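Trainee: Okay, sequence plus prediction incoming.
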Amino acid sequence: MTLHSSFKEAAQFMTDHHHFLVISHVNPDGDAVSSTCAISYMLQAMNKTYQLVNQDVIPNKLSVIPNADQVKVWNEDFMTLQPFDAVIAVDCADQMRMGSCHEQIIGKLPVLNIDHHPTNDAYGTVNIICPSAASTTEIIYDLMDVISLEWNLPLATCIYIGLLTDTGGFRYANTTAKVMQIASHLISLGIDAHYFAQALLEQMTFSQIQLLKHALTTLTFDDDGSLGWITITKSDLSLVNASFSDSEGLVNLPRNVEGVEVAVLFKQYGDDEIKISLRSNGKADVAEIASYFGGGGHKNAAGATLHTSLEKATLTVLEKCRQVIQK
Ligand code: 5GP
Ligand code: MN
């Protein structure tokens, strides 16, 4: 199956079905919400009905994404009250990434899986998996061409925000010439690029800055400086009245230090539930580390959840990081 034929199949999938459930990954980031909302504008233009859902609440910051207010927190009643005939999953590398709600969705309806994670396991009935795309919205941009729909400003904004957030403001290694060409096209449609950079990348909430102050006190490095990490516990969060979405970007602090190859952020969601965010400076493949712990992601940015204590997770994850750095 070539990438071109999977775009054609995806276009056919959207044409053939009528009532869509659109979903992305738990703890949604900019690309997850933007992709979900971009699909909603495409479905509107195709005269389809849809429900946008996520297992988790959309972080306040992402409310600037057009139609973000339509993304409802998953509830079993969606499946019984609304007769969907298809699912579109975006930015979701595997079924588990949808959250526990995948049990009520997968296997019940045909799924179109649109994603840019190399670790995607092709769980869809139709799959467009394009690891060279900087964001899932970049794939949706290409899909727009295949379906030949008219551009509108909210749809362009969704595509742009996915690119902006997944490239860290057009700075990460996934910032290609194509990304810049797409961004240029979208800005020419009327997007206020400065406004979204300010709202999504520059501005911090008071809780975020308080959490940052605290997180810096936990910053630790290996003696050779190749591995750096930060830890946030449940009680740290309540201390500064923050939520885990306020920790977005903190893993870049150790990552940005000269000499660091791999950076880790440990987040204690529960006594036996530790979420890790991994970042590499280019050489080490952190998707390999994440996959080892049952997660996934990209070479330079990946994550996983470990069901063990914070102490054990810290020891085992740092050990695995050291092995991968030494390869
Ligand atoms: P973050 O550290 O920002 O949560 O995630 C970094 C990258 O890794 C993102 O592309 C995200 O989708 C992916 N990722 C994070 N956690 C997981 C996980 O538990 N499983 C998988 N498959 N991918 C993850
Ligand atoms: Mn993404």
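Mentor: Perfect, I can see it now. This one's a predicted model, so the numbers in the text were calculated from it and none came from an experiment. Ligands and ions are numbered 1, 2, ... in the order given.
Trainee: Would you mind listing what in this protein touches ligand 1?
Mentor: The interface of the chain toward ligand 1, taken as CB under 6 Å from any ligand atom, is made up of 25, 93-94, 97, 117, 119, 277, 295-298, 301-305. (C-beta placed from N, C-alpha, C; glycine too.)
Trainee: what about the residue sitting furthest away from the middle of the chain, distance to ligand 1?
Mentor: For the chain, the C-alpha farthest from the mean C-alpha position belongs to D223; by CA atoms, centre = their mean, that distance is 32.2 Å. From D223 across to ligand 1, the span is 25 Å (CB to the nearest ligand atom, to the nearest Å).
Trainee: cool, and I325?
Mentor: Distance check for I325 against ligand 1: by CB to the nearest ligand atom, it reads 18 Å.
Trainee: same check, this time on Q210
Mentor: Taken as CB to the nearest ligand atom, the spacing of Q210 relative to ligand 1 amounts to 20 Å.
Trainee: Assess the claim that that residue and V240 are in contact.
Mentor: Yes - if you go by CB atoms under 8 Å, Q210 and V240 touch, sitting 3.8 Å apart.
Trainee: In this structure, what residue lies closest to ligand 2?
Mentor: With CB to the ion, the shortest gap between the chain and ligand 2 falls at D31, namely 3.4 Å.
Trainee: Also near ligand 2: which of the residues of the chain next to ligand 1, exactly?
Mentor: Counting by CB under 5 Å from the ion, nothing from the residues of the chain next to ligand 1 sits close to ligand 2.
Trainee: Out of these, list just those in strands.
Mentor: Counting by DSSP state E, the members of the residues of the chain next to ligand 1 that fall within strands are 277, 296-297, 301-305.
Trainee: Which of the residues you listed are buried? Put it as a PyMOL command.
Mentor: Buried members of these can be picked out in PyMOL with the line below, counting by 16 or more other CB atoms under 10 Å:
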select buried, resi 277+296+297+301+302+303+304+305
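Trainee: Could you identify the most distant pair in the ones in strands among the residues of the chain next to ligand 1?
Mentor: Between all members of those, the longest pairwise span (CB to CB) is found for A301 and T305 and amounts to 15.6 Å.
Trainee: Identify the residue of the stretch 51-200 of the chain closest to ligand 1, quick one.
Mentor: Per CB to the nearest ligand atom, A93 is where the stretch 51-200 of the chain lies closest to ligand 1, at 3.9 Å.
Trainee: Can you verify my assumption that that residue contacts G296?
Mentor: Yes - under the criterion of CB under 8 Å, A93 makes contact with G296 at 4.9 Å.
Trainee: So for the two, which residues contact both of them?
Mentor: Taking CB atoms under 8 Å, 6 or more residues apart in numbering as the criterion, A93 and G296 both touch 117, 119-120.
Trainee: Give the full set of residues in contact with R279.
Mentor: Applying CB under 8 Å, 6+ apart, one finds that R279 lies in contact with 251-252, 255, 262-264, 286, 300-301.
Trainee: Same question for L52.
Mentor: Counting by CB under 8 Å, 6+ apart, L52 makes contact with 22-23, 36-37, 39-40, 67, 70-72.
Trainee: circling back to that earlier point, what's the distance between the residue of the stretch 51-200 of the chain closest to ligand 1 and Y123?
Mentor: Counting by CB to CB, to the nearest Å, the gap between A93 and Y123 amounts to 9 Å.
Trainee: Who has more neighbours out of the two?
Mentor: Set side by side, A93 and Y123 show unequal neighbour counts under other CB atoms under 10 Å, the larger going to A93 at 25 against 20.
Trainee: In contact with that one, which residues?
Mentor: Remark: with contacts taken as CB under 8 Å, 6+ apart, A93 is in contact with 25, 115, 117, 119-121, 296-297.
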